[in-house]
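>>> Quick one, fold the following:
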Amino acid sequence: MKRIIIVGGPGSGKSTLARLLSERTGLPVYHMDCIHWMPGWVERSEREKDELTHQVHIQDEWIFEGGHSHTYKERIERADTFIWLDAPVGLRIFRVLKRSLEYYGRSRPDLPNGCPERFNWQTVEFLQFIWRTRKSARTRLEKIYKHPPGHLKVYRFTSIPETAVFLEKLPPKTNLETDLNPVAS
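Model prediction:
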């Protein structure tokens, strides 16, 4: 386990899992939100996002969490592990609201500096986006999960306890490639 892609809808726990996996494995974490956004909530161009995504996944070791789905194919070709956090949409919306309030006026650790959490009409638009894409995004991830390339270990977690069991079972870093078997769902 040297290159891990963590996917799921907004509020599914990707950043938290990436941090916990990094603590356990020593692998560096890359957050798609840091690629997507520049300070001041300025969105990068698609070309810039593609290039920055490419620069991450050509490295030997990483935990890469987040979307930018049109680069999934290239990332999955390089990844050895695919983790899908398939949390219910209601829970995800609750978590997004909670983090918006918790970090209000400050940047979250998984965002670039200069992107403070806010609670305004953009928050409402983001919640609408989560609701609108709840089925289409899930369908795309389900296809990858059900039909992965042969080299890819796949995991799907629908709850915090499932994720906790996975983390507890992780062997020390030196044994990660040989000791861990995918969790069936």
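>>> Without its sequence neighbours, what residue ends up closest to residue 67?
Distances taken as CB to CB, 6 or more residues apart in numbering place residue 32 nearest to residue 67, at 5.7 Å, with adjacent residues excluded. For glycine as for every other residue, the C-beta is placed from the backbone atoms N, C-alpha and C.
>>> Tell me which residues touch that neighbour, please.
Each residue near residue 32 by CB atoms under 8 Å, 6 or more residues apart in numbering is listed here: 53, 64-68.
>>> Quick check: the two most widely separated of those residues?
Taking CB to CB, the two most distant members of the contacts of residue 32 are 53 and 65; they sit 12.0 Å apart.
>>> and residue 76, how many neighbours does it have?
20 (other CB atoms under 10 Å).
>>> Which helix or which strand is home to it?
Secondary-structure assignment from DSSP states H and E places residue 76 in helix 72-78.
>>> The chain: strands as residue ranges?
Assigned by DSSP state E, the strands in the chain fall at 3-8, 29-31, 37-38, 42-43, 62-65, 81-85, 153-157.
>>> hmm, back to that, I'd like to know which elements the helix holding residue 76 is packed against.
strand 3-8, helix 46-57, helix 134-146 (3 or more CB pairs under 8 Å, 6 or more residues apart in numbering; DSSP states H and E).
>>> What is the burial count for residue 47?
8.
>>> Off-centre distance for stretch 105-121?
17 Å (CA atoms, centre = their mean, to the nearest Å).
>>> By mean pLDDT, point me to the weakest helix or strand of the chain.
helix 176-179 (a mean of 48; mean pLDDT, DSSP states H and E).
>>> got a list of what the residue nearest the centre of the chain touches?
Centroid check for the chain by CA atoms, centre = their mean gives residue 65 as the closest residue, at 2.9 Å. Contacts for residue 65 (CB under 8 Å, 6+ apart) come out as 5-7, 14-15, 17-18, 29-32, 110.
>>> Just the closest of these to residue 73, please.
Distance to residue 73, by CB to CB, is smallest for residue 5 among the contacts of residue 65, at 11.3 Å.
>>> Would you mind confirming that the closest one makes contact with residue 81?
Yes. With contact defined as CB atoms under 8 Å, residue 5 reaches residue 81; the gap is 7.1 Å.
>>> Among these two, which residue is more densely surrounded?
Legend: neighbour count by other CB under 10 Å for residue 5 and residue 81, higher for residue 5 (23 against 19).
>>> coming back round to it: any chance of TSV for the contacts of residue 32, columns distance to residue 104 and pLDDT?
Shown next, in TSV, are the contacts of residue 32 (distance: CB to CB, whole Å; pLDDT from 0 to 100):
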residue	distance to residue 104	pLDDT
53	29	92
64	27	95
65	23	94
66	22	89
67	23	82
68	26	73
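>>> need those in JSON lines with distance to residue 102, can you?
JSON lines is the format used below for the contacts of residue 32 (distance: CB to CB, whole Å):
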{"residue": "53", "distance to residue 102": "28"}
{"residue": "64", "distance to residue 102": "24"}
{"residue": "65", "distance to residue 102": "19"}
{"residue": "66", "distance to residue 102": "19"}
{"residue": "67", "distance to residue 102": "22"}
{"residue": "68", "distance to residue 102": "25"}
